[in-house]
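Asker: this one's structure only:
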């Protein structure tokens, strides 16, 4: 394998493991073993454990952005609702890992910039979907944090006690429209 191919392989293994456990529990020894290399060889591709974890976190953020993309050709309102719904679903499926990624915990300290990059990418998507001007940026960026917080709270509730996804999505869409109308 080339160096880039090996790095992608190692990050891919890390991503798969991240589905099952939070980042602070991601063992470089297990990743190396699965890749068929030694721990020392893993550090040939990443200078240290933090750099490896950072690469996995960055890839996880890109995955969230990709998985929340609305289908092409939808009207803006439908695209926004689909984005919100997919964001909720993404957080609900990977709640513990998402919490660990966004808020940290354990012995892993990650650069907050990676988390901010995720929120910026989401805000840019919404701004593009709605064809908003640059003045709307702070509103949309703040709204992304609001949607994330609601989705995390919603996903913590037992499935039978939650509001439906449609209600949550509609609420978030209404909230953004209200925020944009008062700017």
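Answerer: Received it, and whenever you're ready, just let me know what you need. This is a predicted model, so every value here is computed, not measured. Numbers count the residues shown, from 1 in each chain.

Asker: now do the helices in the protein.
Answerer: 3-18, 28-35, 39-45, 49-67, 76-93, 95-103, 112-129, 137-156, 165-181 (DSSP state H).

Asker: ok, of the ones you listed, where does mean pLDDT dip lowest?
Answerer: Note on these: helix 95-103 shows the lowest mean pLDDT, a mean of 75.

Asker: let me have the helices of the chain in JSON lines, adding mean neighbour count as columns.
Answerer: Bear in mind the C-beta positions are built from the backbone N, C-alpha and C, glycine included. Shown next, in JSON lines, are those (neighbours: other CB atoms under 10 Å):
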{"stretch": "helix 3-18", "mean neighbour count": "17"}
{"stretch": "helix 28-35", "mean neighbour count": "16"}
{"stretch": "helix 39-45", "mean neighbour count": "15"}
{"stretch": "helix 49-67", "mean neighbour count": "18"}
{"stretch": "helix 76-93", "mean neighbour count": "18"}
{"stretch": "helix 95-103", "mean neighbour count": "18"}
{"stretch": "helix 112-129", "mean neighbour count": "17"}
{"stretch": "helix 137-156", "mean neighbour count": "17"}
{"stretch": "helix 165-181", "mean neighbour count": "15"}
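
Asker: so how far is residue 143 from residue 127?
Answerer: 10 Å (CB to CB, to the nearest Å).

Asker: can you pull the residues that touch both of these two?
Answerer: Here residue 127 and residue 143 share no contacting residue, scored by CB atoms under 8 Å, 6 or more residues apart in numbering.

Asker: now tell me what touches stretch 158-174 from outside.
Answerer: Contacts for stretch 158-174 (CB under 8 Å, 6+ apart): 77, 80-81, 84-85, 88-89, 143, 146-147, 150-151, 154.

Asker: quick one: end-to-end distance for it.
Answerer: 25 Å (CA to CA, to the nearest Å).

Asker: same deal with stretch 38-55?
Answerer: End-to-end span of stretch 38-55 (CA to CA): 19 Å.

Asker: hang on, residue 120 packs against residue 145?
Answerer: No. Using CB atoms under 8 Å, residue 120 makes no contact with residue 145, being 11.2 Å away.

Asker: export the contacts of stretch 158-174 as JSON lines, with columns for distance to residue 170.
Answerer: Below are these laid out as JSON lines (distance: CB to CB, whole Å):
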{"residue": "77", "distance to residue 170": "11"}
{"residue": "80", "distance to residue 170": "11"}
{"residue": "81", "distance to residue 170": "7"}
{"residue": "84", "distance to residue 170": "9"}
{"residue": "85", "distance to residue 170": "10"}
{"residue": "88", "distance to residue 170": "12"}
{"residue": "89", "distance to residue 170": "15"}
{"residue": "143", "distance to residue 170": "14"}
{"residue": "146", "distance to residue 170": "14"}
{"residue": "147", "distance to residue 170": "12"}
{"residue": "150", "distance to residue 170": "12"}
{"residue": "151", "distance to residue 170": "14"}
{"residue": "154", "distance to residue 170": "13"}
